[in-house]
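[1] everything below, folded, please.
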Amino acid sequence: MTAVDARSPTAEIPHHPRSSDVWRWVCAGLSASLVGLGLARFAYTPLIPALIDARWFAPADVVYLGAANLAGYLAGALMARGLAARFGAVPLLRASMVTVTLSCLACAVPLSFPWFLAWRLASGVAGALIMVLAASTILPHVGPARRGLVGGAVFAGVGLGIAASGTLVPLLLRMGLAACWYGLAVLSALLTLVSWPNWPRAAAPHREEAGPARASSRHASRTTRALIVEYGLVAFALVPHMVFLVDYVARGLGQGLDAGAGLWVVYGLGAIVGPLLAGHLADRAGFGPALRVAYLAMALAIVAVAFGTAVPILVASSLVVGGFTPGIVPLVLGRIHELVPHDAAQQRTVWARATTSFAVGQAVGAYGLSFVVARGLVPPSGLFVLGGAAAACALAINLTTALTVRSSHGSDAR
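    Here you go, the predicted structure:
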């Protein structure tokens with residue numbers, strides 16, 4: 001039995017659910033990813049200058065508060081599987097969305113640094129629980145032919161959150177810092193209410209339609225371990241754009257804050273459409289080939305910033321990397337469903353490990369790259385070389401594993 005909803009432990013749903021049901025689930029998943037990642041994490045970035053200007057906290061403290069969300073995310077990824085087994089995935093998803101809402105409310109009242117730190121940690125934990133559980137609760141109910149598009153639609157919420165961080169937050173800040181936090185809380189509460197009745201109510205089906213060329217368990221195990229490592233490398237690879245791109249363009253290239261902010265908008269636009277396009281590609285070509293295309297595209301787009309300063313290159317790079325920031329997620333999750341068919345509990349276990357790997361890669365990238373820049377070990381452009389190299393390593397591991405598996409088992413590793 002999977003921990004999807006304790007109220008219906010034995011119920012099964014049809015192999016081909018109604019489209020209306022699928023899109024209700026997508027609405028719930030998209031709302032959750034928007035709240036858990038879009039608002040809980042990305043909305044904090046444009047708030048940093050306001051927090052400093054309003055003297056709520058010292059500049060160094062503001063950085064620590066941002067890191068607290070990453071630490072909470074790692075903790076949540078480690079706890080997700082056990083909590084879901086104990087409380088059920090859907091109740092935990094609802095509780096996580098409520099937690100983010102309460103976090104926004106609490107952050108409107110800066111009682112003390114520990115108070116703010118605790119709520120930023122809590123929002124990070126909630127974001128990880130949503131990331132692990134939302135799509136993995138929905139996708140077992142969806143046929144393989146639509147899994148890529150549905151997964152992409154769920155994670156489009158992350159892209160919407162990135163876009164909101166550059167548009168909605170500045171508008172709310174005109175009414176004051178506390179009002180901005182209250183506005184984020186209201187939006188989070190509305191999305192929580194929208195998602196509440198729309199999660200799947202039945203246990204995931206115990207059997208799937210037969211897919212082409214299912215891998216052996218030994219094959220799947222080796223490929224799955226490699227996939228988890230690849231996902232961590234991708235997290236590292238995304239950090240230069242997520243953290244350093246705006247400042248690099250504005251100060252490093254001397255193009256000014258307007259140019260940097262404009263590229264962040266492009267990045268956000270890519271993040272909205274990226275998951276949908278990635279999911280569509282996976283439905284047509286398969287998740288394995290789609291992942292290789294993603295790794296190659298990311299490697300080229302990231303490293304391009306180090307060697308090309310022309311506006312078209314920067315725009316194209318921001319669009320591609322922005323698209324794959326959330327777009328890589330449905331590809332990895334869909335690949336897990338290919339490698340671990342028929343077992344929703346095991347799928348969730350592997351996905352939790354992959355999310356943990358991503359959290360570690362992201363934290364190592366954020367702190368490690370900040371360290372090497374602060375110490376002058378590499379020039380700012382070198383960050384994008386390192387990021388591109390990480391994506392290239394992910395591609396190399398993927399191809400090497402596929403060739404090794406094909407050689408060992410005489411089967412197509414896809």
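
[2] show me where this structure has strands.
    Secondary structure of the chain (DSSP state E): no strands present.

[3] give me the most central residue, it.
    Among the residues of the chain, the one closest to the centroid is residue 326, at 5.0 Å (C-alpha atoms, centre = their mean).

[4] ok, that residue to residue 57 distance?
    Residue 326 sits 29 Å away from residue 57, going by C-beta to C-beta, to the nearest Å. From N, CA and C alone the C-beta is placed, and that goes for glycine too.

[5] residue 28 too?
    Taken as C-beta to C-beta, the span from residue 28 to residue 57 is 35 Å.

[6] just residue 310 next, same as before
    Separation of residue 310 from residue 57 (C-beta to C-beta): 38 Å.

[7] who touches the closest residue to residue 69 other than its chain neighbours in this structure?
    Using C-beta to C-beta, 6 or more residues apart in numbering and skipping residues adjacent in sequence, the residue nearest residue 69 is residue 124, 4.0 Å away. The neighbours of residue 124, taking C-beta atoms under 8 Å, 6 or more residues apart in numbering as the test, are 40, 41, 68, 69, 70, 71, 72, 73, 74, 75, 76.

[8] need the pLDDT of the closest residue to the last one other than its chain neighbours.
    Closest residue to residue 76 in three dimensions, ignoring its sequence neighbours and counting by C-beta to C-beta, 6+ apart: residue 128, at 2.8 Å. In the prediction, the pLDDT value recorded for residue 128 is 88.

[9] residue 128 contacts residue 73, correct?
    Yes. Residue 128 lies in contact with residue 73 (C-beta atoms under 8 Å); the separation is 4.5 Å.

[10] for those two, list the residues in contact with both.
    By C-beta under 8 Å, 6+ apart, residue 128 and residue 73 have these common neighbours: residue 359.

[11] just to revisit the earlier point, would you turn the contacts of residue 124 into JSON lines with distance to residue 118?
    Converted to JSON lines, the contacts of residue 124 look like this (distance: C-beta to C-beta, whole Å):
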{"residue": "40", "distance to residue 118": "14"}
{"residue": "41", "distance to residue 118": "16"}
{"residue": "68", "distance to residue 118": "8"}
{"residue": "69", "distance to residue 118": "12"}
{"residue": "70", "distance to residue 118": "15"}
{"residue": "71", "distance to residue 118": "12"}
{"residue": "72", "distance to residue 118": "10"}
{"residue": "73", "distance to residue 118": "15"}
{"residue": "74", "distance to residue 118": "16"}
{"residue": "75", "distance to residue 118": "13"}
{"residue": "76", "distance to residue 118": "14"}
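
[12] any chance of these in CSV with neighbour count as columns?
    Converted to CSV, those look like this (neighbours: other C-beta atoms under 10 Å):
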residue, neighbour count
40, 32
41, 23
68, 20
69, 24
70, 20
71, 17
72, 26
73, 29
74, 19
75, 17
76, 29
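
[13] and of those, the nearest to residue 319?
    residue 41 (20.8 Å; C-beta to C-beta).

[14] tell me which residues touch residue 192, please.
    Applying C-beta under 8 Å, 6+ apart to residue 192 gives the contacts 31, 35, 94, 97, 98, 101.

[15] quick one: which of these is most hemmed in?
    Neighbour tally across the contacts of residue 192 (other C-beta atoms under 10 Å): the maximum, 32 neighbours, falls on residue 35.
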